[in-house]
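> quick one, what's the 3D model for this:
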Amino acid sequence: SPFCISEISEQRKQKIAEIKAGLKDAEALICKMDLEARSLQQNVKVMPLAKLREYKSDLNNLKIEVKRMTSANFNQAARNDFLEAGLAGKKMAVAAQRGDLVVPAAKLKQSSERIKESRQTMLDTVVRAVSVLQDLRRQRQSLLNTQEVVCIFLPLCCP
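Numbering: from 1, shown residues only. Below is the predicted model:
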(Lines give C-alpha, C1' and ligand atoms only; values in the text may rest on other atoms or scores of the structure.)
Protein backbone atom coordinates (compact mmCIF):
# COMPACT_ATOMS: atom_id res chain seq x y z
CA SER A 1 0.00 0.00 0.00
CA PRO A 2 1.18 3.58 -0.61
CA PHE A 3 1.02 4.39 3.10
CA CYS A 4 3.45 1.58 3.97
CA ILE A 5 5.89 2.61 1.26
CA SER A 6 5.85 6.27 2.33
CA GLU A 7 6.24 5.23 5.97
CA ILE A 8 9.23 3.05 5.12
CA SER A 9 10.66 5.86 3.00
CA GLU A 10 10.33 8.25 5.93
CA GLN A 11 11.98 5.77 8.29
CA ARG A 12 14.81 5.33 5.81
CA LYS A 13 15.31 9.10 5.58
CA GLN A 14 15.41 9.26 9.38
CA LYS A 15 18.02 6.50 9.57
CA ILE A 16 20.13 8.18 6.91
CA ALA A 17 19.96 11.47 8.81
CA GLU A 18 21.00 9.66 12.02
CA ILE A 19 23.91 7.99 10.24
CA LYS A 20 25.06 11.28 8.71
CA ALA A 21 24.87 12.97 12.11
CA GLY A 22 26.86 10.10 13.63
CA LEU A 23 29.50 10.42 10.91
CA LYS A 24 29.70 14.17 11.50
CA ASP A 25 30.12 13.60 15.26
CA ALA A 26 32.78 10.98 14.60
CA GLU A 27 34.64 13.38 12.31
CA ALA A 28 34.59 16.12 14.95
CA LEU A 29 35.80 13.68 17.58
CA ILE A 30 38.62 12.45 15.35
CA CYS A 31 39.66 16.08 14.71
CA LYS A 32 39.79 16.73 18.45
CA MET A 33 41.80 13.56 19.00
CA ASP A 34 44.16 14.60 16.20
CA LEU A 35 44.81 17.94 17.90
CA GLU A 36 45.42 16.22 21.23
CA ALA A 37 47.73 13.63 19.68
CA ARG A 38 49.76 16.26 17.86
CA SER A 39 50.39 18.06 21.15
CA LEU A 40 52.03 14.96 22.65
CA GLN A 41 55.78 14.45 22.77
CA GLN A 42 57.35 13.13 19.56
CA ASN A 43 58.17 9.67 20.96
CA VAL A 44 54.63 9.22 22.32
CA LYS A 45 52.51 10.59 19.47
CA VAL A 46 53.60 8.18 16.71
CA MET A 47 51.20 5.40 17.71
CA PRO A 48 48.12 7.61 18.31
CA LEU A 49 48.65 9.40 14.99
CA ALA A 50 48.87 6.07 13.16
CA LYS A 51 45.61 4.95 14.78
CA LEU A 52 43.99 8.27 13.87
CA ARG A 53 44.98 7.78 10.22
CA GLU A 54 43.27 4.39 10.39
CA TYR A 55 40.16 5.96 11.94
CA LYS A 56 40.10 8.70 9.29
CA SER A 57 40.37 6.10 6.55
CA ASP A 58 37.52 4.06 8.08
CA LEU A 59 35.41 7.19 8.40
CA ASN A 60 36.04 8.19 4.77
CA ASN A 61 35.09 4.68 3.62
CA LEU A 62 31.88 4.92 5.63
CA LYS A 63 31.10 8.32 4.12
CA ILE A 64 31.61 6.94 0.62
CA GLU A 65 29.36 3.98 1.39
CA VAL A 66 26.61 6.24 2.77
CA LYS A 67 26.89 8.51 -0.27
CA ARG A 68 26.64 5.49 -2.57
CA MET A 69 23.61 4.17 -0.73
CA THR A 70 21.82 7.51 -0.81
CA SER A 71 22.56 8.32 -4.46
CA ALA A 72 19.67 8.70 -6.91
CA ASN A 73 20.60 5.59 -8.93
CA PHE A 74 20.82 3.45 -5.82
CA ASN A 75 17.51 4.82 -4.53
CA GLN A 76 15.74 4.20 -7.86
CA ALA A 77 17.15 0.67 -8.15
CA ALA A 78 16.20 -0.09 -4.55
CA ARG A 79 12.71 1.29 -5.14
CA ASN A 80 12.23 -0.82 -8.28
CA ASP A 81 13.50 -3.94 -6.54
CA PHE A 82 11.26 -3.25 -3.59
CA LEU A 83 8.15 -2.73 -5.69
CA GLU A 84 8.87 -5.79 -7.85
CA ALA A 85 9.53 -8.10 -4.95
CA GLY A 86 6.34 -7.22 -3.11
CA LEU A 87 5.72 -7.90 0.55
CA ALA A 88 8.25 -10.73 0.88
CA GLY A 89 10.91 -8.53 -0.65
CA LYS A 90 9.98 -5.74 1.73
CA LYS A 91 11.12 -7.75 4.71
CA MET A 92 14.32 -8.76 2.95
CA ALA A 93 15.07 -5.18 1.88
CA VAL A 94 14.56 -3.89 5.41
CA ALA A 95 16.80 -6.65 6.75
CA ALA A 96 19.45 -5.81 4.16
CA GLN A 97 19.31 -2.13 5.05
CA ARG A 98 19.64 -2.99 8.72
CA GLY A 99 22.60 -5.18 7.88
CA ASP A 100 24.16 -2.33 5.93
CA LEU A 101 23.71 -0.05 8.94
CA VAL A 102 25.04 -2.51 11.52
CA VAL A 103 28.62 -2.55 10.23
CA PRO A 104 29.09 1.26 10.25
CA ALA A 105 27.42 1.48 13.65
CA ALA A 106 29.70 -1.23 15.04
CA LYS A 107 32.79 0.49 13.64
CA LEU A 108 31.63 3.80 15.08
CA LYS A 109 31.06 2.19 18.47
CA GLN A 110 34.49 0.53 18.33
CA SER A 111 36.12 3.85 17.45
CA SER A 112 34.27 5.53 20.32
CA GLU A 113 35.58 2.90 22.73
CA ARG A 114 39.13 3.46 21.48
CA ILE A 115 38.68 7.19 21.94
CA LYS A 116 37.44 6.67 25.51
CA GLU A 117 40.45 4.47 26.26
CA SER A 118 42.81 7.08 24.81
CA ARG A 119 41.22 9.81 26.89
CA GLN A 120 41.52 7.71 30.03
CA THR A 121 45.20 7.06 29.30
CA MET A 122 45.73 10.78 28.79
CA LEU A 123 43.99 11.60 32.09
CA ASP A 124 46.08 8.99 33.92
CA THR A 125 49.23 10.54 32.47
CA VAL A 126 48.19 14.01 33.60
CA VAL A 127 47.50 12.74 37.14
CA ARG A 128 50.94 11.11 37.26
CA ALA A 129 52.60 14.27 35.97
CA VAL A 130 50.90 16.37 38.65
CA SER A 131 52.06 13.92 41.31
CA VAL A 132 55.66 14.05 40.04
CA LEU A 133 55.59 17.87 40.01
CA GLN A 134 54.30 17.93 43.59
CA ASP A 135 57.07 15.55 44.68
CA LEU A 136 59.68 17.73 42.97
CA ARG A 137 58.26 20.83 44.66
CA ARG A 138 58.51 19.13 48.08
CA GLN A 139 62.09 18.03 47.37
CA ARG A 140 63.05 21.54 46.30
CA GLN A 141 61.55 23.00 49.46
CA SER A 142 63.43 20.44 51.53
CA LEU A 143 66.72 21.36 49.82
CA LEU A 144 66.08 25.07 50.39
CA ASN A 145 65.36 24.43 54.08
CA THR A 146 68.54 22.35 54.37
CA GLN A 147 70.53 25.15 52.74
CA GLU A 148 69.12 27.65 55.27
CA VAL A 149 70.12 25.44 58.19
CA VAL A 150 73.64 24.99 56.78
CA CYS A 151 73.97 28.75 56.29
CA ILE A 152 72.92 29.37 59.90
CA PHE A 153 75.53 26.97 61.31
CA LEU A 154 78.23 27.50 58.69
CA PRO A 155 77.87 31.08 57.45
CA LEU A 156 81.20 30.99 55.59
CA CYS A 157 79.92 28.19 53.31
CA CYS A 158 76.99 30.21 52.01
CA PRO A 159 77.13 32.70 49.14
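> ok, now which ones touch P155?
Neighbour list for P155: empty [criterion: C-beta atoms under 8 Å, 6 or more residues apart in numbering]. Where you see a C-beta, it was placed from the backbone N, CA and C, and this is true even at glycine.
> same check, this time on K107
By C-beta under 8 Å, 6+ apart, the neighbours of K107 are D58, L62.
> what pLDDT does the model give it?
Per-residue confidence (pLDDT) for K107: 81.
> for it, give its distance to C31.
From K107 over to C31 the distance is 18 Å, taken as C-beta to C-beta, to the nearest Å.
> same check, this time on V46
From V46 to C31 the distance is 19 Å (C-beta to C-beta).
> now swap in Q141 and tell me
Q141 sits at a distance of 42 Å from C31 (criterion: C-beta to C-beta).
> pLDDT weak spots in the chain?
In the predicted model, the chain carries pLDDT under 70 at residues 1-5, 8, 72-97, 99-100, 159.
> kindly recompute the last result at 80.
Applying pLDDT under 80 to the chain picks out residues 1-10, 12, 68-106, 155-159.
> now the helices for it?
2-38, 42-70, 72-153 (DSSP state H).
> buried stuff in the first one?
Think helix 2-38. By 16 or more other C-beta atoms under 10 Å, the buried positions in helix 2-38 come out as R12, I19, G22, L23, A26, L29, I30, M33, D34, A37.
> that helix: how far from the chain's middle?
Counting by C-alpha atoms, centre = their mean, to the nearest Å, helix 2-38 is centred 14 Å from the centre of its parent chain.
> try the second one
For helix 42-70, the separation from the chain centroid amounts to 10 Å (computed by C-alpha atoms, centre = their mean).
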